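Engineer: Turn this into a model:
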Amino acid sequence: MTVAIVVAAGDGVRLGAGMPKALVPIAGRSMLDWALDGVLAAEVERVVVTAPPAAPGPVEALVRARRDAARITVVPGGATRQESVAIALAEVAPDHIVLVHDAARPLTPSALFDRVRAAVAVTGAGVVPALAAADTVKEVDGSAVVATLDRSRLAAVQTPQGFPAGALQAAYAAAGNGHTDDASVFAAAGGAVSVVPGEPEAFKVTTAWDLRRAEQLLEPSQAMRTGIGVDVHAVDPSRPLWLGGVEWPGEPGLAGHSDADVVCHAIADALLSAAGLGDLGARFGVDRPEEAGRAGTDFVTRTVALLADAGFRPVSVAVQVVGNRPRIGPRRAEITGLLSAAVGAPVSVAGTTTDGLGLTGRGEGVAAIATALVTGRAGVPRLP
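Structural biologist: A predicted model of the protein is given here:
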C-alpha cells in the first residue's frame, strides 16, 4: 500500500500572500487543491495532509469539499517542515511505501508519483526525483566566489520523495534538527537514496514570479492571445474625416453608419477577436440606431470595457492604415497617444499605400488592419 504525505502547514511568508501558502489561489483553486489532484490521480491509496497548526480549519474544509475526501486525513502540522512530516508519519503503517510531497509543488504530474513509488518498491530504499543543474553553480563566501562546482555532479531535487515507511519513521525518530528534506533525514540515519528523473512541472512555488508561472500553466487563457481586425470605408466628400480618433480638416471623409473611423473600428475588432467576443458588427452593428454617428474612440473604450468584464486586458495593438490620403506621419504621435490612452496599452500606427491598386489605390476608400495582443484570466467567453 502507498500513502502520500502532503505537507501544507507552511505560513507562506516568503510568498507574501498574507495566508498559508497551501491556500493561496491559483487560477481559481487553492495550491493544495491542485496538488491533491496530482497525488490522487496516481497509484496512491491514502493521503495525509498536514495543516497549519494554529488554524487547521480552512484545510479541513477544503478536503471535506472534495469528492475523494474519504481517502484524505488531515492532521495539524508542526512549527517546521521536519516536525510536520514526523507528525504525519504516525498515521502511516511501517510496512507501507510513503511518498512525501510539498503542496507548494501544485503542478506535479501523477506520473512522477508513480515513478518514485515504483523505484522504492524495486530498491527498498529512498528515492528522490531530480533535474540536472542547468546553470553554472558557484560556491561563494559572502560576495566572493570561492569555487566553481562541477554541475555534472549536481542535481535539483524535487518531491515527492519516496521511502519504505518503517525506515523513514526510524530515521525521523533519530533525526537532529535542520534537515531541509526527507532524503537528508533518511541519509543521516544511514539509508541509501537514489534518484529518478524529475519533471519541470514539479517546480516549487516560492515567490510571486513562481505563482505567476503556475497561473499561466494552469489557466491557458493567461497566455497571450492575438486577434486581427480589418475595416474598410468608401470615401464620402460630404463628411468630415475622422481617422485614428482625430479629425482631419480639409480631407474628404468616409461613408459609414458611425463616424467611419477605420482605425478605431479595426482596433475594436482586433480586441474582440483576441478575446473571443465576436466582432464589431455583432456588438455595435448598423442595425442599432443608437450607434449612428458614434465616435470611433467610443467603440474602442467600450470594447476595452467588454474585455475587462470577460477577464481580459489589452497588452498592445498595432495598426496599418492603407490609403493614399491622409499622410499618417505628421500626426502619428498625436494619434498613438490618444489611442494608447483609450486602449490602456501601447498602440502603434503606420501608413502605407497599394501603389494604385484596388479601392484604396484609386483613392476611393481607406482601410485599416489591426493586430491586438491581450491576456487575461477568463475561460473562453460566450457570445451573448
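Engineer: and the residue with the largest distance to the centre of the chain, how far is that from residue 253?
Structural biologist: Most distant residue from the mean C-alpha position of the chain: residue 238, 50.5 Å away (C-alpha atoms, centre = their mean). Distance of residue 238 to residue 253, given as C-beta to C-beta, to the nearest Å: 7 Å. Every residue, glycine included, has its C-beta placed from N, CA and C.
Engineer: quick one on the thing from earlier: quick one, what contacts the residue farthest from the centre of the chain?
Structural biologist: residue 253 (C-beta atoms under 8 Å, 6 or more residues apart in numbering).
Engineer: helices or strands next to whatever helix or strand residue 210 lives in in the packing?
Structural biologist: Element membership for residue 210, per DSSP states H and E: helix 208-218. The contact analysis (3 or more C-beta pairs under 8 Å, 6 or more residues apart in numbering; DSSP states H and E) places helix 208-218 against strand 25-26.
Engineer: and the end-to-end length of stretch 158-170?
Structural biologist: End-to-end distance of stretch 158-170 (C-alpha to C-alpha, to the nearest Å): 22 Å.
Engineer: So for that stretch, mean pLDDT?
Structural biologist: The average pLDDT for stretch 158-170 rounds to 97.
Engineer: Is the residue farthest from the centre of the chain in a helix, a strand, or coil?
Structural biologist: With DSSP: H, G, I helix; E, B strand; the rest coil as the basis, residue 238 sits in strand.
Engineer: And it, how far from residue 364?
Structural biologist: Taken as C-beta to C-beta, the span from residue 238 to residue 364 is 15 Å.
Engineer: Please apply the same query to residue 241.
Structural biologist: 14 Å.
Engineer: Pick out whichever of those two has more residues nearby.
Structural biologist: residue 241 (22 against 12; other C-beta atoms under 10 Å).
Engineer: Give the buried residues for the helix holding residue 210.
Structural biologist: By neighbour count on 16 or more other C-beta atoms under 10 Å, the buried set for helix 208-218 is 211, 213-217.
Engineer: Show the residue spans covered by the helices in the stretch 251-384 of the chain.
Structural biologist: Taking DSSP state H, counting those that start in this stretch as the test, the helices found in the stretch 251-384 of the chain are 262-275, 280-284, 296-309, 332-343, 358-361.
Engineer: show me what contacts the closest residue to residue 179 other than its chain neighbours?
Structural biologist: The shortest distance from residue 179 to any non-neighbouring residue, by C-beta to C-beta, 6 or more residues apart in numbering, is to residue 185 (4.7 Å). By C-beta under 8 Å, 6+ apart, the residues touching residue 185 are 82, 168, 171-172, 175, 179.
Engineer: Confirm residue 185 sits in a helix?
Structural biologist: Yes: read with three-state DSSP, residue 185 is one of the residues of a helix.
Engineer: quick one: it from residue 159, how far?
Structural biologist: Taken as C-beta to C-beta, the span from residue 185 to residue 159 is 13 Å.
Engineer: Kindly report the same for residue 364.
Structural biologist: With distances taken as C-beta to C-beta, residue 364 is found 67 Å from residue 159.
Engineer: What's the local residue count around the residue nearest to residue 338 when sequence neighbours are not counted?
Structural biologist: Of all residues not flanking residue 338 in the chain, residue 245 sits nearest, at 4.6 Å (C-beta to C-beta, 6+ apart). For residue 245, the neighbour count with other C-beta under 10 Å is 25.
Engineer: same thing with residue 44?
Structural biologist: Residue 44, neighbours per other C-beta under 10 Å, totals 22.
Engineer: need the contact list for it.
Structural biologist: 2-4, 99, 113, 117.
Engineer: Now with 7 Å, please.
Structural biologist: 2, 4, 99, 113 (C-beta atoms under 7 Å, 6 or more residues apart in numbering).
Engineer: Show me what the helix or strand containing the third one is packed against.
Structural biologist: Remark: residue 99 resides in strand 97-102, with elements defined by DSSP H and E. Strand 97-102 sits against strand 2-7, helix 110-123, strand 161-164, helix 165-174, with contacts defined as 3 or more C-beta pairs under 7 Å, 6 or more residues apart in numbering; DSSP states H and E.
Engineer: Alpha carbons only: can I get the third one in PDB?
Structural biologist: Extracted in PDB, the C-alpha atoms of strand 161-164 (Å, rounded to 0.1, in the frame of the first residue of the first chain):
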ATOM      1  CA  GLN A 161      10.300  11.700  -2.100                       C
ATOM      2  CA  GLY A 162       9.600   8.000  -1.500                       C
ATOM      3  CA  PHE A 163      10.700   5.600   1.200                       C
ATOM      4  CA  PRO A 164       9.800   2.400   3.000                       C
END
